[in-house]
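Student: Can you look at this prediction? I've put the sequence above it.
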Amino acid sequence: MNRKRKLILGIVILLAVVATAIPVYISQQHTTFRAEVTDHMTMLDKFDRLEITRFSSSSGDREEVIIKDAGEIQDILKDYKDIELKKINQRDTERESPYYYEWRLMINKEEREINGFGITLYNKHSMTIYNGNDTRDKLQDYKVSQDMNWYKMERLFEGIKEEES
């Protein structure tokens, strides 16, 4: 009888561990753009510039614009802050768009310029984020849970390009 109790108790403990480990693992896979980018910055960090490069998916042509106004950079990041992301091991290459965008967010940290984040927006369904502050796993692919406003990104890029001209 004592042996049966130990077996039942062992099974119950195992089920309890599994029942708590699975939700914890799943919750770590879901995140937001804010949690992955802006929450990693301290109050002393200042935006130095945002370099946005548009690459042609077919020809490899590239165009670049640079934003140096910290307020404008914050406004751009606010537009993307609530985008829900899911960590993935390999990005979706089936739904490619004619262009993809690469953002390099340069941060002035205690009077030193550092490459804070690199964000590659492949299409409205997938992105890769490089976090220069991480000591390992600096590059992570994400699936965008809800569709990102891709046209807003294109309009933003074209608007900044026209201002520079």
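Tutor: Sure thing, it's come through. Model, not experiment: these values are computed from the prediction.
Student: Look at the residue lying closest to Ser126 once chain neighbours are set aside and give its secondary structure.
Tutor: Nearest residue to Ser126 in three dimensions, chain neighbours excluded: Arg91, at 4.5 Å (C-beta to C-beta, 6 or more residues apart in numbering). All C-beta atoms are positioned from the backbone trio N, CA, C, and that covers glycine. Three-state call for Arg91 (DSSP: H, G, I helix; E, B strand; the rest coil): coil.
Student: give the contact list for Arg91.
Tutor: 122, 126, 128, 141, 143 (C-beta atoms under 8 Å, 6 or more residues apart in numbering).
Student: Could you dump these into CSV and include pLDDT?
Tutor: Converted to CSV, the contacts of Arg91 look like this (pLDDT from 0 to 100):
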residue, pLDDT
Tyr122, 86
Ser126, 86
Thr128, 88
Asp141, 88
Lys143, 87
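Student: Write a PyMOL command that selects only the buried members of these.
Tutor: The buried residues among the contacts of Arg91 can be selected in PyMOL (16 or more other C-beta atoms under 10 Å) with this line:
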select buried, resi 122+126+128+141
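Student: What pLDDT does the model give the residue nearest in space to the middle of the chain?
Tutor: With distances taken as C-alpha atoms, centre = their mean, Ile129 lies nearest the centre of the chain, 4.3 Å away. Looking at Ile129, its pLDDT is 87.
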